[in-house]
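>>> The following comprises the amino acid sequence and a computationally predicted model.
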Amino acid sequence: MGTDSTLMAMVQLVPEGMGVEVRSSLDLPTILLLVLMLAGLVLAMLVGRWIGRRKDSMVDASIVRAFNRRVVAWLTMTAILAVASIVSRYVVVALFGLLSFWALREFITMTPTRRADHRALFWSFFVVTPLQYVLIGIGETTFSYFATLIPVYASLILPARIAFTGDHKRFLERAAKIQFGLLVCVYSLSFVPALLDMKLRQYNPSATGEEDRLQEWSGESHVGLLFFFVLMVLLGDLLQFTWDKLVGRHLISPAVNGTKTWEGLCGGVISVGLLGAVVQFALGVTPFYVYGAGFMAALVAFMGTCGSLTMSAIKRDRGVRDYGTLVHGHAGILDRIDSLCFAAPVFYYVTRFFLGMPG
């Protein structure tokens with residue numbers, strides 16, 4: 001009895017909004033979604049390797065190898081993210097912080113810099129990037145800060161820091177490169193772990209009053225929302241690649257990307273939209289209604305393509321094939337998460353606009 005009283009007293013000493021629980025809770029629908037993701041990726045990997053080993057296969061060997069590399073990369077990232085989600089929300093935030101640091105390093109390494117840029121780059125890597133994820137880790141109470149840190153404060157301070165050095169050669173290009181790298185590799189990607197702390201409402205069609213139609217989301221775990229988003233990006237990447245190879249005829253931008261086609265884009269967006277609706281109908285891991293989940297899934301797939309094309313244009317401009325070599329035989333980390341970077345802030349803000357808690 002004394003122990004229970006002591007525990008209750010300790011809980012009451014914790015200020016409101018400063019919860020002591022740091023472990024991420026995985027409810028049953030989220031666990032099922034995670035198991036399906038991992039099982040599907042393992043099956044795709046085994047099928048891809050089986051096709052690749054067949055000598056009488058009618059599929060181009062280079063296409064099979066490219067597909068297998070994508071599957072292995074997504075399987076690795078999903079498994080690591082799953083472990084991080086089980087351990088703690090803070091581990092998830094730290095994981096994406098490391099991904100941002102690595103992706104920003106690849107982006108900056110690919111483009112030339114001058115000595116005058118080094119102080120600004122130091123601030124970008126060791127001040128702005130960690131601070132962005134510290135604010136994400138604190139929670140949605142700091143939304144106004146992590147939502148403006150890079151696009152407002154860093155975008156003004158870092159060019160000024162370069163200007164203080166007195167080196168004006170190609171100043172606009174150099175400053176824009178650092179700002180764009182921070183915007184894509186750090187700011188945009190940070191909205192993935194930010195999904196874990198969103199305060200959302202859920203549409204309740206059985207409510208009688210108009211004001212009761214949107215109620216506080218009773219989902220036990222926001223991890224399900226995060227994995228729903230990751231799954232839709234994953235499916236968008238793999239299905240658009242598949243549609244491109246099966247029926248792709250008309251390239252979207254031949255000079256930028258020689259594989260992205262209009263048929264692949266349309267087929268991928270529609271397929272992912274339908275699968276997103278099916279996942280929500282079967283598991284209910286998000287606060288969206290079924291049709292809303294399908295729309296958000298299609299939006300994520302479209303934004304993923306926008307990210308791939310944009311980063312491909314940068315690579316073509318710099319005359320490189322990949323942003324780095326994460327593992328021998330694989331592309332860099334930024335080549336694998338470019339779709340995540342472009343889809344995350346759009347998914348976050350659209351979700352917050354329609355289902356965010358007032359105030």
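Perfect, thanks for sending it. What you are looking at is a predicted structure, and each value in this text was computed from that prediction instead of being measured.

>>> Mind listing what's buried along stretch 171-189?
Judged by neighbour count (16 or more other CB atoms under 10 Å), stretch 171-189 contains these buried residues: 171, 174-175, 177-179, 181-189. Where C-beta positions appear, they are placed from N, C-alpha and C, glycine not excepted.

>>> Then stretch 185-203?
Within stretch 185-203, judged by 16+ other CB under 10 Å, the buried ones are 185-202.

>>> Among those, name the ones in helices.
Among the buried residues of stretch 185-203, the members found in helices (DSSP state H) are 191-194.

>>> Pick out whichever of the residues you listed sits closest to residue 320.
For these, the minimum distance to residue 320 (CB to CB) is 25.5 Å, reached by residue 192.

>>> hmm, back to that, let's have the ones in helices among the buried residues of stretch 185-203 in JSON lines, adding distance to residue 85.
Formatted as JSON lines, those follow (distance: CB to CB, whole Å):
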{"residue": "191", "distance to residue 85": "16"}
{"residue": "192", "distance to residue 85": "12"}
{"residue": "193", "distance to residue 85": "10"}
{"residue": "194", "distance to residue 85": "14"}
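
>>> Redo these as CSV? Include pLDDT.
Converted to CSV, those look like this (pLDDT from 0 to 100):
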residue, pLDDT
191, 97
192, 96
193, 96
194, 95
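
>>> from these, which two are the most distant?
191 and 193 (7.9 Å).

>>> any common contacting residues for these two?
Taking CB atoms under 8 Å, 6 or more residues apart in numbering as the criterion, residue 191 and residue 193 do not both touch any residue.

>>> Am I right that residue 29 is in contact with residue 280?
No - with contacts defined as CB atoms under 8 Å, residue 29 does not count as touching residue 280, sitting 9.9 Å away.

>>> my read: residue 302 touches residue 273, true?
No - with contacts counted by CB under 8 Å, residue 302 stays clear of residue 273, the gap being 9.4 Å.

>>> buried ones in the longest helix along the chain?
Ranked by residue count and defined by DSSP H, the top helix of the chain is helix 290-318. For helix 290-318, burial by neighbour count (16+ other CB under 10 Å) applies to 290, 292-305, 307-312, 314-315.

>>> For the helix or strand that that helix is followed by, which helices and strands make contact with it?
For helix 290-318, the following helix or strand on the C-terminal side (DSSP states H and E) is helix 333-355. Counting contacts by 3 or more CB pairs under 8 Å, 6 or more residues apart in numbering; DSSP states H and E, helix 333-355 packs against helix 61-87, helix 89-110, helix 191-194, strand 201-203, helix 223-247, helix 290-318.

>>> Residue 250 and residue 303, how far apart?
Note on residue 250: its distance to residue 303, by CB to CB, to the nearest Å, is 21 Å.

>>> distance of residue 52 from residue 65?
Taking CB to CB as the measure, residue 52 falls 7 Å from residue 65.

>>> hang on, residue 70 packs against residue 236?
No - using CB under 8 Å, residue 70 makes no contact with residue 236, being 11.5 Å away.

>>> More neighbours: which of the two?
Using other CB atoms under 10 Å as the criterion, residue 70 and residue 236 rank with residue 236 on top: 30 against 22.

>>> which non-adjacent residue is nearest the more buried one?
Excluding the flanking residues, the one nearest residue 236 by CB to CB, 6 or more residues apart in numbering is residue 301, at 3.4 Å.
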